[in-house]
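> Sharing a model that was predicted from the sequence below.
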Amino acid sequence: MSTEPGPAAGPAATPAPGPEVAPAPGVEVAGVPVYRSAGLGFRTRLTLGLIVAAVLPVLGFGIVVLLATGAAGDASSNLMRVLLFAVAIAVVFAVLLAAYLAADLGAPLRAIARSVERVSAGDLATRLELPGDDEFSRLAESHNRLAGDLERRNRELRRILDSLGAVTLHERPEVLAQRAGEQARAAFGMIDCAILLVDPREIPIEEPVPGDPVPVRAELSVAGGVLGVAVGHLPATRRWEHADQDLFELFAIEVSAALRNAQLYARVEDQNRRLVALDEAKDDFLRGVSHNLQTPLASIRGYAQQLAAEAPDRRLGIITEQADRLSRMVRQLLTVSRIESGVLRPRLEVFAPAPRVRRTWEALGAGDVPFTLDDHSAGWLALADPDQLDQVLWAILDNAVRYGGHTAIDASVTVDSGAGLVSITIADHGAGVGDDDRDRLFLRYERGAGRPSGEGSGLGLYVARELCRAMGGDVVLEPSAPGRGAAFTVSVPAEAAEES
């Protein structure tokens, strides 16, 4: 609830539907007195009134003289002519005098009309001066006071807009509320003003006391919620009207919106900081787990191989295979943490790509899957990190064996001499990759729609692409082709053999 001096304006009455009827002089429309004159304009009526006031006495005098002369019985035609001529002269003189007086009396009204037009055009500096102590002078004083109030409110509105334009989302709501109170005090000429972010019911409503500072108040509300209340005091000599209160409440609404935005921004920033902290804690955990798992896995694998050499057992081979698989998954997690922390730095070397592909395939141990390798490198050498490229090739070949249904796998090595790249394409003859999976296949922790949710870590292709991009290359999924399943192309920088 807002507190302001002066009587509060009541709600406007809503007229019943029906034909519009012009109000008579002196009636009220929506509680406001309205005066409308039906007929002639003011200047015309004033001129006619002056003519009638000047002519009627002359006509009356002439009629009396004519009656008196006729009663005496000595009326003559000459006297009648003279009398009629005098009456005509009097009428003409009365008309001219009435026109002059009407023009002179209408001059203040014309001056007021011109001043109102200037005010409506935005010129509030020019004042209307009408000397005297009559209705015209009082009307001029009221007009000047209205123009002054409009000019003051325009200044206040400009200050409000400037203060709102300086609001930034980086400020805390408490700081923003304190600065908004200072800006309101400067804009409205208050003695004091404070923006309180509390329930308005906790702040008692002050009643105005004559001679004391005038209390003003406006609630801060936005989107149906109440954020607080703006309270302040004006000098006792300051007039505070409904228009001033409306402007103050508009300022409160804009401040409410700025405060709500600042609160939401602060909440998002706090959540972002918490997410970043959680992400850093997760990365630290993954790095710690990866390092701590490498040693026991190496021991398990070593002892399993030692036992298998002494007494061959199929179960020991399974242990070695699963230890290798778990070691690769741990290595992927470690690589992901290094990628996200920005510490992944490839050690570039120059080597032949085709033997690397053959060595990785043999290490995979998929002897029951047909494999072909076509080398069209023509002596070009790859410029990459051998260990990282082995990790990339292992991930793609392992996917081809696992998701290609153990169909034949074809690998080819080609060179793009113009771009200075060597490309390794690995394709299977399985079902391929569905259209729904192509866009998300390289995302972290993503698997194909047809793959079991618990199968794999969802990191192989993500890590492969990031490793290749760190070396200056890339991994892409080739478009679908008849008679072929999924096909991935690994590209890394290369140089000709004679330049090495």
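Now that the structure is in, tell me what you want to look at. All values derive from a computational prediction rather than experimental measurement.
> Based on its surroundings, how many neighbours for residue 319?
When neighbours are counted by other Cβ atoms under 10 Å, residue 319 registers 18. Quick note: C-beta positions are derived from backbone N, CA and C, even for glycine.
> can you pull the contacts of it?
300, 304 (Cβ atoms under 8 Å, 6 or more residues apart in numbering).
> model confidence over the host helix or strand of it, on average?
In this structure, residue 319 is located in helix 314-341 according to DSSP states H and E. Across helix 314-341, the average pLDDT comes to 74.
> Just after that helix, pick out the following helix or strand.
Of the helices and strands lying after helix 314-341 in sequence (DSSP H and E), the nearest is strand 349-351.
> Could you spell out the sheet neighbours of that following strand, each with its direction?
With DSSP bridges as the test, strand 349-351 is paired with strand 381-384 (antiparallel).
> which residues are in contact with the partner strand?
Residues from elsewhere that reach strand 381-384, judged by Cβ under 8 Å, 6+ apart: 346, 348-353, 356, 389, 422, 471-473, 492-497, 500.
> Mind checking which of the residues you listed are in strands?
349, 350, 351, 422, 492, 493, 494, 495 (DSSP state E).
> related to what we said a few turns ago, now do the helix holding residue 319: distance to the chain's middle.
47 Å (Cα atoms, centre = their mean, to the nearest Å).
> and the contacts of strand 381-384, which are buried?
Buried members of those, scored by 16 or more other Cβ atoms under 10 Å, are 346, 352, 353, 356, 389, 422, 471, 473, 492, 493, 494.
> farthest-separated two in those?
The most widely separated members of these are 346 and 352, with 17.8 Å between them, by Cβ to Cβ.
> low-scoring stretches of the stretch 301-450 of the chain, by residue?
337-338, 340-343, 445-450 (pLDDT under 70).
> OK, contacts around residue 225?
So residue 225 contacts residue 260 (Cβ under 8 Å, 6+ apart).
> isn't residue 188 right next to residue 248, touching?
Yes: counting by Cβ atoms under 8 Å, residue 248 is a contact partner of residue 188 at 6.5 Å.
> So for those two, which residues contact both of them?
Common neighbours of residue 188 and residue 248, using Cβ under 8 Å, 6+ apart, are residue 216.
> pLDDT wise, what is the spatially most central residue of the chain at?
Among the residues of the chain, the one closest to the centroid is residue 261, at 9.6 Å (Cα atoms, centre = their mean). For residue 261, the pLDDT comes out at 85.
> Mind telling me what element it is part of?
For residue 261, the element it lies in under DSSP H and E is helix 242-310.
> elements contacting that helix?
Applying 3 or more Cβ pairs under 8 Å, 6 or more residues apart in numbering; DSSP states H and E, one finds that helix 242-310 makes contact with helix 135-165, helix 173-188, strand 214-222, strand 225-234, helix 314-341.
> can you tell which of the ones you listed is closest to residue 106?
Evaluated over the helices and strands packed on helix 242-310, closeness to residue 106 peaks at helix 135-165, with 10.5 Å, by Cβ to Cβ.
> what's the average pLDDT for the closest one?
The average pLDDT for helix 135-165 rounds to 71.
> just stretch 477-491 next, same as before
Rounded mean pLDDT across stretch 477-491 is 89.
> who touches it?
With Cβ under 8 Å, 6+ apart, stretch 477-491 has contacts from 389, 392-393, 396, 399-400, 403-404, 407, 416, 421-433, 438, 441-442, 461, 464, 468, 473-476.
> let's see 6 Å
Residues from elsewhere that reach stretch 477-491, judged by Cβ atoms under 6 Å, 6 or more residues apart in numbering: 392, 396, 404, 421, 423-430, 432-433, 473-476.
> Those in strands, which ones?
421, 423, 424, 425, 426, 427, 474, 475, 476.
> who wins for neighbours among those residues?
That'd be residue 424 among the ones in strands among the contacts of stretch 477-491, by other Cβ under 10 Å, with 27 neighbours.
> quick one: that one and residue 412 touch, right?
No: applying Cβ atoms under 6 Å, one finds residue 424 not in contact with residue 412, separated by 7.5 Å.
> Share the number of residues neighbouring residue 81, please.
By other Cβ under 10 Å, neighbour count at residue 81 equals 10.
> Is it in a helix, a strand, or coil?
Here residue 81 is helix, with the state taken from DSSP: H, G, I helix; E, B strand; the rest coil.
> got it, and residue 489?
Put simply, residue 489 is strand when judged by three-state DSSP.
> So for it, what's the nearest residue that isn't a sequence neighbour?
residue 425 (4.6 Å; Cβ to Cβ, 6 or more residues apart in numbering).
> Look up which residues are beta-bridged to the one you found.
residue 412, residue 489.
> ok, it touching residue 413?
No: if you go by Cβ under 6 Å, residue 425 and residue 413 don't touch, sitting 8.1 Å apart.
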